[in-house]
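Asks: Provide a 3D model corresponding to the input given below.
(one chain, ligands or ions: 2)
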Amino acid sequence: MRKQSKIDLEDTIAAISTPIGEGAIGIVRISGKDAVKIADVVFRSKKGKSPSGFCSFSTHYGYIYNKGAVVDEALLTLMRAPKSYTKEDMVEINCHSGIIPLRKALELVLDSGARLAEPGEFTKRAFLNGRLDLTQAEAVLDIIRSKTEASLRMAMGQLSGQLSFRLNDIKERLLTVAANVEASIDFPEEDIEIISEANIKERLETIKDNLVKLLESAEGGIILREGLTSVICGKPNVGKSSLLNTLLQRDRAIVTHVPGTTRDAIEDLANINGIPFKLVDTAGIAPTEDLVEREGILRSRERIEQADLILLVLDASAEMTDEDRILLSDTKDRPRILVINKIDLPRKMDLSTLEGNIMVEISAKEGDGIDELKKMMERAVWSGRAAVPEGGAITNLRQKQALKNASGAVERAVESVEKDLSPELIAIELREALDSIGEITGEVVNDDILEKIFSQFCIGK
Ligand SMILES: Nc1nc2c(ncn2[C@@H]2O[C@H](COP(=O)(O)OP(=O)(O)OP(=O)(O)O)[C@@H](O)[C@H]2O)c(=O)[nH]1
Ligand SMILES: [Mg+2]
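Replies: Ligands and ions are numbered 1, 2, ... in the order given. Model prediction:
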């Protein structure tokens with residue numbers, strides 16, 4: 001069960017909520033039952049008023065004081081419980097950003113009775129106080145970290161409760177079935193809808209289908225959130241680094257006419273038609289006596305092993321060599337796109353032997369064929385995977401695992417009904433399914449899981 005660490009919620013917490021460094025504005029955030037009292041100690045408006053006299057959702061210009069002396073000028077915003085991010089009294093002090101004034105303001109707040117917040121503790125409170133469920137709290141982090149607009153849209157949908165809505169709908173229907181099954185064990189309760197046995201099986205099967213549908217969304221959801229690794233490989237000098245730079249639209253990797261330019265793998269995040277791709281440029285693979293190059297080639301091979309998608313680059317302006325053929329054969333059973341580069345130059349390579357492969361002709365230098373390549377990369381991601389639905393998707397492994405458990409338990413419940421097993425056994429499976437769904441939304445969750453989720457946040461969020 002959710003453990004409400006009482007001590008935690010008794011404290012008033014504070015933290016700097018903006019990045020440390022010079023900037024226009026820095027924010028010290030305070031949340032908890034003493035937030036306003038603490039603000040009274042450190043802040044007076046220009047007219048000499050104390051925050052306890054301010055209305056909720058009002059902002060006031062004034063000064064931060066340390067024992068009567070002005071430390072900084074500031075804007076203070078008050079948000080009274082329960083209409084705040086944490087559902088507690090909250091105060092945000094906008095100071096001049098800069099390490100010294102911000103630290104000073106925080107120090108005064110801490111000296112006046114607040115405790116320094118742990119990473120993600122504001123959001124954790126929003127969760128513990130029931131403003132967000134766990135999927136929504138996770139979405140807050142996903143929004144901060146979203147890599148493309150599509151991943152942001154997905155996280156926003158999750159924050160707005162789309163996933164919670166789907167899960168709660170399934171949960172309600174499971175509860176009705178569970179209540180019926182349990183009623184047949186004890187005695188019929190008056191306020192439940194009585195369902196026949198055939199109907200129980202039918203309902204459970206529909207629920208199972210819904211769970212499976214949601215599970216199918218997981219693969220795409222996780223990709224949109226975390227991205228997918230695509231390794232650019234090929235023999236030396238075919239234009240791998242040029243391709244990386246073109247896809248990133250900036251000069252990330254060194255490009256020269258000298259074979260063996262790239263020594264170590266270079267990676268960066270690219271937005272390919274809304275999908276976050278971690279692109280990895282590797283050292284060209286060829287027999288060599290050079291120790292450094294050899295080490296680079298070993299690394300290239302390791303990267304190719306780990307790739308979700310391989311972009312094998314060939315130079316169309318030269319004849320195919322054994323080095324190309326070895327790479328073609330080594331990667332033939334992997335998800336792969338053959339990228340035929342340098343088509344702006346006179347062609348020497350015979351492409352007829354490559355027929356039947358997924359292939360695209362480009363010039364990394366001139367930009368020809370790049371849109372087509374991007375489309376192919378996008379297609380490669382979704383081939384064999386369900387598209388991410390608009391109405392909420394599973395976006396991380398924690399959610400996926402719990403959902404799998406739920407779906408497994410419902411399946412066993414269906415089997416138990418079919419075999420006419422005792423209602424007690426069916427009820428156990430249904431309880432387990434309900435608990436697993438509760439784990440996703442955070443109704444049933446242990447402190448370790450919470451710790452793991454919220455420790456990924458930054459301090460002040
Ligand atoms: N004409 C033409 N030249 C290209 C093209 N792509 C790359 N080049 C040239 O080919 C040479 C090698 O390019 P790189 O991108 O460094 O090749 P690489 O595969 O990363 O090479 P290594 O890191 O040495 O394995 C450079 O002189 C590039 O300007 C292209 O599409 N057309
Ligand atoms: Mg290179």
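Asks: For the longest helix along the chain, name the packing helices and strands.
Replies: In the chain, assigned by DSSP state H, the helix with the most residues is helix 197-226. For helix 197-226, the elements it packs on are helix 149-159, helix 162-185, strand 275-281, helix 397-418, judged by 3 or more C-beta pairs under 8 Å, 6 or more residues apart in numbering; DSSP states H and E. In short, each C-beta sits where N, CA and C put it, glycine included.
Asks: Output the shortest one as CSV, nothing but the C-alphas.
Replies: Once side chains and other backbone atoms are set aside, the C-alpha atoms of strand 275-281 remain, and they are given as CSV (Å, rounded to 0.1, in the frame of the first residue of the first chain):
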residue,chain,number,x,y,z
ILE,A,275,11.2,10.3,-33.4
PRO,A,276,14.3,10.8,-31.2
PHE,A,277,17.2,8.8,-32.7
LYS,A,278,20.5,8.4,-30.9
LEU,A,279,22.8,8.5,-34.0
VAL,A,280,26.2,6.9,-33.6
ASP,A,281,29.0,7.6,-36.1
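Asks: Any residue of that strand touching ligand 1?
Replies: No: taking C-beta under 6 Å from any ligand atom as the criterion, strand 275-281 and ligand 1 are apart, separated by no less than 6.6 Å.
Asks: which residues sit in contact with the residue of the stretch 1-150 of the chain found nearest ligand 2?
Replies: Proximity of the stretch 1-150 of the chain to ligand 2 (C-beta to the ion) peaks at Lys147, 24.1 Å away. Under the criterion of C-beta atoms under 8 Å, 6 or more residues apart in numbering, the neighbours of Lys147 are 227, 269, 271, 276.
Asks: same deal with Leu309?
Replies: With C-beta under 8 Å, 6+ apart, Leu309 has these contacts: 228-231, 277, 335-337, 377, 380-381.
Asks: With Gly296 instead?
Replies: Here Gly296 is in contact with 262-265, 282-283 (C-beta under 8 Å, 6+ apart).
Asks: Does Asp11 touch Ala117 like I think?
Replies: No: Asp11 is not in contact with Ala117 according to C-beta atoms under 8 Å; the separation is 9.1 Å.
Asks: neighbour-wise, which of the two wins?
Replies: Ala117 (24 against 17; other C-beta atoms under 10 Å).
Asks: sorry, back to before: can you tell me which of the contacts of Gly296 are up against ligand 1?
Replies: Taking C-beta under 6 Å from any ligand atom as the test, ligand 1 is in contact with Thr262 out of the contacts of Gly296.
Asks: Leu134: which of the contacts of Gly296 is nearest?
Replies: Closest approach to Leu134 among the contacts of Gly296 (C-beta to C-beta): Ala265, at 36.0 Å.
Asks: Against Ala35, how distant is the closest one?
Replies: 48 Å (C-beta to C-beta, to the nearest Å).
Asks: more crowded one of those two?
Replies: Taking neighbours as other C-beta under 10 Å, Ala265 and Ala35 compare with Ala35 leading, 29 against 17.
Asks: Give me the neighbour count for the closest residue to the more buried one other than its chain neighbours.
Replies: Distance criterion C-beta to C-beta, 6 or more residues apart in numbering; nearest residue to Ala35, sequence neighbours excluded, is Asp89 at 4.3 Å. Neighbourhood size, Asp89 [other C-beta under 10 Å]: 24.
Asks: any idea how far Asp89 is from Met79?
Replies: Distance from Asp89 to Met79, by C-beta to C-beta: 7 Å.
Asks: how about the residues of this structure near ligand 2?
Replies: 240-241, 261-262 (C-beta under 5 Å from the ion).
Asks: Can you flag which of the contacts of Leu309 belong to helices?
Replies: Among these, the members falling in helices (DSSP H) are 377, 380-381.
Asks: Can I get those in a markdown table including neighbour count and pLDDT?
Replies: Listed next are the ones in helices among the contacts of Leu309 as a markdown table, based on neighbours: other C-beta atoms under 10 Å; pLDDT from 0 to 100:
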| residue | neighbour count | pLDDT |
| --- | --- | --- |
| Met377 | 22 | 95 |
| Ala380 | 21 | 90 |
| Val381 | 23 | 87 |
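Asks: tell me the most buried of the helices and strands packed on helix 197-226?
Replies: The highest mean neighbour count among these, using mean count of other C-beta atoms under 10 Å, belongs to strand 275-281: a mean of 23.
Asks: tell me the mean pLDDT for that one?
Replies: Averaging pLDDT along strand 275-281 yields 94.
Asks: Over to stretch 297-317?
Replies: On average, stretch 297-317 scores 94.
Asks: Could you check how far that stretch is from the centre of its chain?
Replies: Here stretch 297-317 is found 27 Å from its chain centre; the criterion is C-alpha atoms, centre = their mean, to the nearest Å.
Asks: Using PDB, write out every CA atom in that stretch.
Replies: Output in PDB follows, covering the C-alpha atoms of stretch 297-317 (Å, rounded to 0.1, in the frame of the first residue of the first chain):
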ATOM      1  CA  ILE A 297      37.100  -0.600 -35.200                       C
ATOM      2  CA  LEU A 298      36.500  -2.900 -32.200                       C
ATOM      3  CA  ARG A 299      34.300  -0.300 -30.800                       C
ATOM      4  CA  SER A 300      32.500   0.100 -34.100                       C
ATOM      5  CA  ARG A 301      31.700  -3.600 -34.000                       C
ATOM      6  CA  GLU A 302      30.400  -3.400 -30.500                       C
ATOM      7  CA  ARG A 303      28.100  -0.500 -31.400                       C
ATOM      8  CA  ILE A 304      26.800  -2.400 -34.400                       C
ATOM      9  CA  GLU A 305      25.900  -5.200 -32.100                       C
ATOM     10  CA  GLN A 306      23.800  -2.900 -29.900                       C
ATOM     11  CA  ALA A 307      22.100  -1.000 -32.700                       C
ATOM     12  CA  ASP A 308      18.300  -0.900 -33.100                       C
ATOM     13  CA  LEU A 309      18.800   0.200 -36.700                       C
ATOM     14  CA  ILE A 310      21.900   0.000 -38.800                       C
ATOM     15  CA  LEU A 311      22.700   2.500 -41.500                       C
ATOM     16  CA  LEU A 312      25.300   0.800 -43.700                       C
ATOM     17  CA  VAL A 313      27.000   3.400 -45.900                       C
ATOM     18  CA  LEU A 314      28.400   2.500 -49.300                       C
ATOM     19  CA  ASP A 315      30.300   4.800 -51.600                       C
ATOM     20  CA  ALA A 316      28.600   4.700 -55.100                       C
ATOM     21  CA  SER A 317      31.500   6.500 -56.700                       C
END
